[in-house]
Every structure is written in C-alpha cells, then in structure tokens.
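>>> Give the three-dimensional model of this entry:
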Amino acid sequence: MRIQTRYFGEVEVKEEDVLSFSQGLPGFPEENKFSLLALEENGLFQVLQSVNNIDPAFVVVDPFLFVKDYEFKLDDKTKEQLKLHNDEAELEVKVIVTMKDSIAKSTANLQAPIIINIKERLAKQYITNSDYTPRELIFKDSSIAKEEV
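You can find the predicted model right below:
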C-alpha cells in the first residue's frame, strides 16, 4: 500500500509490515496502524509513521544501543495484549526521540518504551513506573556527546 509520510513523501509499505496498536498511542488513541521506516541508511534511527495520516510520525531508536543497563518489567496484561510468551526473539523495543539542534542534546522517552511483538506485528507504548524520565539524554556516555562539549 502507498502511504503519505512526514519525512519521505509517498512511500510503499507492505501490509504485513504494519504494526497494530490496539489502543493507539497516548494522545493519539485513534491512530492504531503504524509502520517503521528507516531514517538513514544504517537504520539506527527509524520513523514510527502512521499509515493513515502524515502525522503522527515519531523518530525512534533502540534504547539498548545507548543505555546498556536499560530495563523495565512488563505486566501480565501487556504480555497478554501483545501475545508475548517469554520469547525474547519476538520482542523489539523502541523509544521516542526528541531531536535537538545538537545531536548530543537529543533526548529519549525511556519512561514509555514502545514494545513490539515482531512476529504478531502487535505494539503498545508501555508507560513504566521507573526511575527513567521522558527526556533522558541518550548520548551522555558516547563519543558524540564528548566531541560536542
């Protein structure tokens, strides 16, 4: 199917690659179908793009690439909703990134990761009760942050 995107214009998306958010996203309850599109060639950053509208579209990243000890515990209700059966191979995690003028100052919402069952194509933004905030610096321990200081 062809969709209009915020960052790439019109693109082709395979129906089997569409993620279903049964409850939408916080603030966007009516938006329940999204696709992950690579933002750059290496695929480090992606765009979680609504397939029904140009907006919302969120820049997302794998939090484990930046926060080595990142962790959260899913409740049983979420596991059931996403049909997760303790198989980590079917699980993918993304966090929404707020890009700043300086990449070293960009932040990620580690408090509300997006949990994806890649096998079933089911997803949910999971708000955790954790020590993380919605605006964690993701490059604080990297060479990028040190170069821009």
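>>> List the residues that contact the spatially most central residue of the chain.
Taking CA atoms, centre = their mean, the centroid of the chain lies closest to residue 94, which sits 3.3 Å from it. Residues near residue 94 by CB atoms under 8 Å, 6 or more residues apart in numbering: 36, 46, 48, 60, 61, 62, 63, 113, 114, 116. C-beta here means a position set from N, CA and C on the backbone, and glycine is covered the same way.
>>> Thought residue 122 was touching the last one, still the case?
If I follow you right, that is residue 116. Yes: checked against CB atoms under 8 Å, the pair residue 116 and residue 122 is within contact range at 7.4 Å.
>>> quick one: which of the contacts of residue 94 has the most company?
Counting neighbours by other CB atoms under 10 Å, the top entry in the contacts of residue 94 is residue 113, with 25 neighbours.
>>> isn't that one right next to residue 128, touching?
Yes: here residue 113 reaches residue 128: they are 7.2 Å apart, a contact under CB under 8 Å.
>>> if we can go back for a sec, shared neighbours of residue 116 and residue 122, anything?
Common contact partners of residue 116 and residue 122 (CB under 8 Å, 6+ apart): 19, 82.
>>> where does this protein have low pLDDT?
Along the chain, segments meeting pLDDT under 70 span 87, 141-149.
>>> try 80 this time
Scanning the chain with the threshold set as pLDDT under 80 gives 41-43, 86-89, 103, 129-130, 139-149.
>>> And the strands in it?
All strands of the chain, identified by DSSP state E, fall at 2-5, 9-12, 19-20, 33-38, 45-50, 57-61, 91-98, 107-108, 114-117, 122-125, 136-137.
>>> Dump the ones you listed into JSON lines; add distance to residue 73 as well.
Formatted as JSON lines, the strands of the chain follow (distance: least, CB to CB, whole Å):
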{"stretch": "strand 2-5", "distance to residue 73": "34"}
{"stretch": "strand 9-12", "distance to residue 73": "36"}
{"stretch": "strand 19-20", "distance to residue 73": "22"}
{"stretch": "strand 33-38", "distance to residue 73": "24"}
{"stretch": "strand 45-50", "distance to residue 73": "23"}
{"stretch": "strand 57-61", "distance to residue 73": "21"}
{"stretch": "strand 91-98", "distance to residue 73": "13"}
{"stretch": "strand 107-108", "distance to residue 73": "19"}
{"stretch": "strand 114-117", "distance to residue 73": "11"}
{"stretch": "strand 122-125", "distance to residue 73": "14"}
{"stretch": "strand 136-137", "distance to residue 73": "18"}
